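In: how would this look folded up:
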Amino acid sequence: MRGFGELEAAIMNVLWNRGEPTSVRQVHTDLQPERRLAYNTVLTVVDILYKKGRLRRSKDGRAFRYWPVESRADYGMQLMRDAMAESGDPAGSLVTFVRHLSDDESAALRQALGTYER
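Out: Presented below is the predicted three-dimensional model:
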């Protein structure tokens, strides 16, 4: 699994933030305050994400509405698992990762582990 390109990530963030099936027009509008993109550029990248299997879609009149196949958390988890697997030393990578966590991140990890162990 590979990470998203810059525009792919921006589009995925719009879709994750919306949390509901969304038209390309709505994605384009949400991206406009920060990015000056042509509608066709957004349409093309959304279609690429769909063809890569990262989005689902349903017909809504003449257009489609799109939504992510996986949650933002699931995507992040898979990226971390892939990075650890590719490191050649997954356990060592995990220990190094944990060593570099902030206090807040460490507390969140402890809480998550406590919840998981129950």
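In: ok, residue 79 to residue 86 distance?
Out: Residue 79 is 11 Å from residue 86, where distance means C-beta to C-beta, to the nearest Å. (C-beta placed from N, C-alpha, C; glycine too.)
In: ok, the two, which is more surrounded?
Out: residue 79 (14 against 9; other C-beta atoms under 10 Å).
In: nearest residue to the more buried one in space, please, no chain neighbours.
Out: residue 3 (6.2 Å; C-beta to C-beta, 6 or more residues apart in numbering).
In: list the contacts of the residue positioned nearest the centre of the chain.
Out: Centroid-nearest residue in the chain, with C-alpha atoms, centre = their mean: residue 72, separated by 4.3 Å. Counting by C-beta atoms under 8 Å, 6 or more residues apart in numbering, residue 72 makes contact with 12, 13, 16.
In: go again with 10 Å.
Out: Contact analysis of residue 72 by C-beta atoms under 10 Å, 6 or more residues apart in numbering lists 12, 13, 15, 16, 17.
In: domain parsing of this protein, as residue ranges.
Out: Taking automatic domain parsing as the domain assignment, the ranges for the chain are 6-68, 72-117.
In: for stretch 49-58, measure first residue to last.
Out: Counting by C-alpha to C-alpha, to the nearest Å, you get 14 Å between the two ends of stretch 49-58.
In: ugh, wrong one, stretch 64-72
Out: Span of stretch 64-72 from end to end, C-alpha to C-alpha: 21 Å.
In: OK, contacts around residue 87?
Out: 93, 94, 96, 97.
In: could you rerun that using 7 Å?
Out: By C-beta atoms under 7 Å, 6 or more residues apart in numbering, the contact list for residue 87 reads residue 93.
In: thanks again, I'm all set now.
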